[in-house]
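Asks: take this sequence and fold it.
(3 chains)
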Amino acid sequence: MNVIECNGLTKAYFRKNVLNGLTFTIEENKITGLIGRNGVGKTTLVKILAGLIKETSGEVRVFEQHPFNNLYTSANTILVDDQMFFPPALQLHELLEVAQSFYPNWDMELAQRLLQYFSFDPSHYHQTLSKGRTSTFNMIIGLASRCSLTILDEPTTGMDEAVRKDFYRALMKDYLAHPRTILISSHHLNEIEDILEDVLLIKNGKTLLHESISDLKEWAIALQGASTVVQKWLVERNCIFQRQVGKDTLYAVVRDDFTKENKEEALRGGVEFIPVKASDLCVYLTNDTKGGIDDVFER
Amino acid sequence: MSSNVSLVETVKKQYAFKMKAYIDAFSSLVGIQFIAFLFSLGGGSSSMGTSDGYHFELKFYSADLVIIFTFIWIFVTAITITTKPYRNQDFTFVTNRMSSSLSNILFLLSASLLGAFTAVLSRFLIQTVAYFLLKEDLYIASVMTSEMMIGITVSLLYVFWISSIGYFVGTLVQIHKGFALLIPVIVIGSLFYDGFMQRYAMLLILFQFYFLESSMVLFAIKTLITTAVLFFASIAILNRMEVRR
Amino acid sequence: MILNPDDTKPIYVQIAEWIETEILNGHFQSDEKVYSQYQLAEMFTINPATAAKGLNLLADEQILYKKRGLGMFVATNAKEAIVHKRRSGTLKQLIQELVLEAERLSIKESELLEMIKAARKKEGSQ
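Replies: Sure thing, here's the model as predicted:
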């Protein structure tokens, strides 16, 4: 079953398109990473999915229903981000009780154990928490609510390294025990890639790539060698990224569509094949220019 | 496993949540009524005179001021709960716009009931204090329980009616911040304009439509219909609002 | 073992290699059940689909076999298959790189062999 279906989804603010014909589907119980540069519309997308804002045009379905202003979507979806707003009059333990009253799958024991593990004082107030602590508390709400669709928008903002590790481990353990559809948005893939099944890469409000994480690691390959030789192999290939290294060495990233014979021939010609890390590939793909920052300094 | 939810259930949960989360509204009611109570002890309108060599001073101890302060309180409270932080905290948990509005209205009804009840009863407190602490000779108009009930009902109708005005004004401001300026300008402007034209103020005529109604039943119908219309309009407007968070 | 996220090898390949090493070290005998995808996911904090891909890789190479509904088991001659594979694959590649590097440094063949012998001696004395 598809939990999320988007077809030509567009959202415009003041006539400027933030989402620009986004099309993708996400199957049930998959963990998908929503990756893209800051400001490409990740947050806009998740707010549409959570039913907070309305699309300008195109089609969007969450649990086969239109999410905007939909009670069913709201009850089965939780959006965790650093802008979750809690009433200032309630203490942390009271907030857990409120969440319990709203979410049918809520696990109070888990919530309280996490609260204790991360040494929160249950009688404190949400407004007095620091940025990292706020993220941690919001994550506890997000995990314990066990919503069929759990959306985490930059969930680790402000968390220190140890808490991040704990957080991803807690997420994976709870996911294994209670599988659900999880969408994690982040601008750095390497932090989350281990726990992902799929990656959805967004650029300029459009789907750039939607692949399984293992395929993404083999999706592209880097060629390194003497410029003239490498250039020969780049003919009729779409170069994703290239950089001059040293005197006459070229490092170029292309889609990996080389046959075994191709590779052997290239190797004999002195070309080295280097795998490209998924996170690096995403950075290259989302760059607007082939050379990245170096292009700015080219004259 | 996805779960189905009903609107009624969600409204109930949101209402229970708001009665806890909006506790500050109730504490401000206590504060405001206490201030009004202190003012009331000074005595309302008073008249003095000399008759047959006796000098007399007549003071009226009533709860009028407490009721007026309660009106202001519910108006401000109703506007407050339409603002962004309050709407955002609804949407942190399960809701849609309809359940958010309906639970707000239920909350305002509860607040109105409490406000009206305490305001009417404060009359006895004021008179008791005036008698024992201020050593005044009191002539208390005796009240029957039925009159008390009518007093509370009328106050409730007023307070709830004012809450619907506040809620509607707050909703308009949520559509466009310009209304925050426009509404006071229209209200005060119309008073000045009518004054300038040397005619009876339109706004007063509007209010007299409610205040000068002598039939209890007609009064109830007038206020309740207005209240319902304003709440419906607010729900309809808010139902299309995006939550930016 | 902790997975190396900076390794350019995909995680599922790292998982497959780790299970191979476990078999080589004798932690799993023939016809013994290996970890399930969910146990692996829990152990390494990775996605169970990735873990499954690692297991399937070994099943394709007939190092593991599937019992429907029961999980993955170590094949009878898994150890030999792994040794053979590493010899022809990993080791061969390492030697190729070694030879290439030696050529760049213009080290003679006899000299290279001496270095290998010395390294083996050192390993043996430990």
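
Asks: so which bits of stretch B:114-132 are buried?
Replies: B:114-120, B:122-123, B:125-127, B:129-130 (16 or more other CB atoms under 10 Å in any protein chain shown). Yep, even glycine has a C-beta here, placed from its N, CA and C like the rest.

Asks: run the contact check for stretch C:53-61 versus chain A.
Replies: Yes. Contact of stretch C:53-61 with chain A (CB under 8 Å from any CB of the partner chain) involves C:Lys53.

Asks: for the strand or helix carrying C:Glu114, which helices and strands make contact with it?
Replies: C:Glu114 is located in helix C:109-125, with elements delineated by DSSP states H and E. Under the contact definition 3 or more CB pairs under 8 Å, 6 or more residues apart in numbering or on different chains; DSSP states H and E, helix C:109-125 sits against helix C:92-104.

Asks: off-centre distance for the helix it packs on?
Replies: Here the centre of helix C:92-104 is set off from its chain's centre by 20 Å, with CA atoms, centre = their mean, to the nearest Å.

Asks: make a markdown table out of the buried residues of stretch B:114-132 and add secondary structure, distance to C:Val74 and pLDDT.
Replies: Formatted as a markdown table, these follow (DSSP: H, G, I helix; E, B strand; the rest coil; distance: CB to CB, whole Å; pLDDT from 0 to 100):
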| residue | secondary structure | distance to C:Val74 | pLDDT |
| --- | --- | --- | --- |
| B:Leu114 | helix | 72 | 94 |
| B:Gly115 | helix | 76 | 93 |
| B:Ala116 | helix | 79 | 92 |
| B:Phe117 | helix | 77 | 91 |
| B:Thr118 | helix | 78 | 90 |
| B:Ala119 | helix | 81 | 89 |
| B:Val120 | helix | 83 | 86 |
| B:Ser122 | helix | 83 | 84 |
| B:Arg123 | helix | 88 | 80 |
| B:Leu125 | helix | 85 | 82 |
| B:Ile126 | helix | 89 | 81 |
| B:Gln127 | helix | 92 | 78 |
| B:Val129 | helix | 89 | 80 |
| B:Ala130 | helix | 94 | 76 |
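
Asks: would JSON lines of these with distance to chain A be doable?
Replies: Shown next, in JSON lines, are these (distance: CB to the nearest CB, whole Å):
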{"residue": "B:Leu114", "distance to chain A": "17"}
{"residue": "B:Gly115", "distance to chain A": "19"}
{"residue": "B:Ala116", "distance to chain A": "23"}
{"residue": "B:Phe117", "distance to chain A": "22"}
{"residue": "B:Thr118", "distance to chain A": "20"}
{"residue": "B:Ala119", "distance to chain A": "24"}
{"residue": "B:Val120", "distance to chain A": "27"}
{"residue": "B:Ser122", "distance to chain A": "25"}
{"residue": "B:Arg123", "distance to chain A": "30"}
{"residue": "B:Leu125", "distance to chain A": "27"}
{"residue": "B:Ile126", "distance to chain A": "30"}
{"residue": "B:Gln127", "distance to chain A": "34"}
{"residue": "B:Val129", "distance to chain A": "31"}
{"residue": "B:Ala130", "distance to chain A": "35"}
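
Asks: return the member of these nearest to B:Glu9.
Replies: B:Leu114 (24.7 Å; CB to CB).

Asks: can you tell me the closest non-neighbouring residue to A:Arg37?
Replies: Using CB to CB, 6 or more residues apart in numbering or on different chains and skipping residues adjacent in sequence, the residue nearest A:Arg37 is A:Thr286, 5.1 Å away.

Asks: and the most centrally placed residue in chain A, what is it in contact with?
Replies: The centre of chain A sits closest to A:Leu34, judged by CA atoms, centre = their mean, with a distance of 2.6 Å. When contacts are counted by CB atoms under 8 Å, 6 or more residues apart in numbering or on different chains, A:Leu34 is found next to A:Lys42, A:Leu45, A:Val46, A:Leu183, A:Ile184, A:Ser185, A:Ser186, A:Leu200, A:Ile202.

Asks: what average pLDDT does the helix or strand hosting it get?
Replies: Counting by DSSP H and E, the element that carries A:Leu34 is strand A:31-35. Strand A:31-35 shows a mean pLDDT of 94.

Asks: tell me what the following helix or strand past that strand is packed against?
Replies: Once the chain leaves strand A:31-35, the next helix or strand it forms, by DSSP H and E, is helix A:42-49. Under the contact criterion of 3+ CB pairs under 8 Å, 6+ apart, helix A:42-49 touches strand A:2-13, strand A:16-27, strand A:31-35, strand A:57-62, strand A:77-80, strand A:149-153, strand A:181-186.

Asks: dump those strands to CSV, plus distance to A:Ala252.
Replies: Output for those, formatted as CSV (distance: least, CB to CB, whole Å):
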stretch, distance to A:Ala252
strand A:2-13, 33
strand A:16-27, 29
strand A:31-35, 22
strand A:57-62, 36
strand A:77-80, 40
strand A:149-153, 34
strand A:181-186, 27
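
Asks: following the lowest-mean-pLDDT helix or strand in chain B, which helix or strand shows up next?
Replies: Ranked by mean pLDDT, DSSP states H and E, the weakest helix or strand in chain B is strand B:46-51, scoring a mean of 70. As assigned by DSSP H and E, the chain's next helix or strand after strand B:46-51 is strand B:54-59.

Asks: ok, back up a step: buried sites along the helix holding C:Glu114?
Replies: In helix C:109-125, counting by 16+ other CB under 10 Å, buried: C:Leu112.

Asks: now do stretch A:244-261
Replies: A:Leu250, A:Tyr251, A:Ala252, A:Val253, A:Val254, A:Phe258.

Asks: ok, the fourth one - contacts?
Replies: When contacts are counted by CB under 8 Å, 6+ apart, A:Val253 is found next to A:Ala220, A:Ile221, A:Ala222, A:Leu223, A:Cys239, A:Ile240, A:Phe241, A:Gln242, A:Val276, A:Leu281, A:Tyr284.

Asks: residues near residue 37, how many?
Replies: All of this is about chain A. 16 (other CB atoms under 10 Å in any protein chain shown).

Asks: oops, I was thinking of chain C
Replies: 22.

Asks: ok, and what's touching the helix or strand where A:Glu94 lies?
Replies: Taking DSSP H and E as the criterion, A:Glu94 maps to helix A:92-102. Contacts to helix A:92-102, defined as CB under 8 Å, 6+ apart, come from residues A:75, A:86-87, A:90, A:106, A:108, A:111-112, A:115, A:120-126, A:137, A:141, A:144-145, B:13, B:16-17, B:20-21, B:93-94.

Asks: quick one on the thing from earlier: CA atoms only for the strand holding A:Leu34, dumped as PDB, please.
Replies: The C-alpha trace of strand A:31-35 is given here as PDB (Å, rounded to 0.1, in the frame of the first residue of the first chain):
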ATOM      1  CA  ILE A  31      12.100   4.700   6.100                       C
ATOM      2  CA  THR A  32      12.700   7.300   3.500                       C
ATOM      3  CA  GLY A  33      15.200  10.200   3.700                       C
ATOM      4  CA  LEU A  34      14.000  13.500   2.300                       C
ATOM      5  CA  ILE A  35      17.200  15.100   1.200                       C
END
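
Asks: any low-confidence regions in chain B?
Replies: B:1-2, B:43-47, B:136, B:138, B:140-142, B:244-245 (pLDDT under 70).
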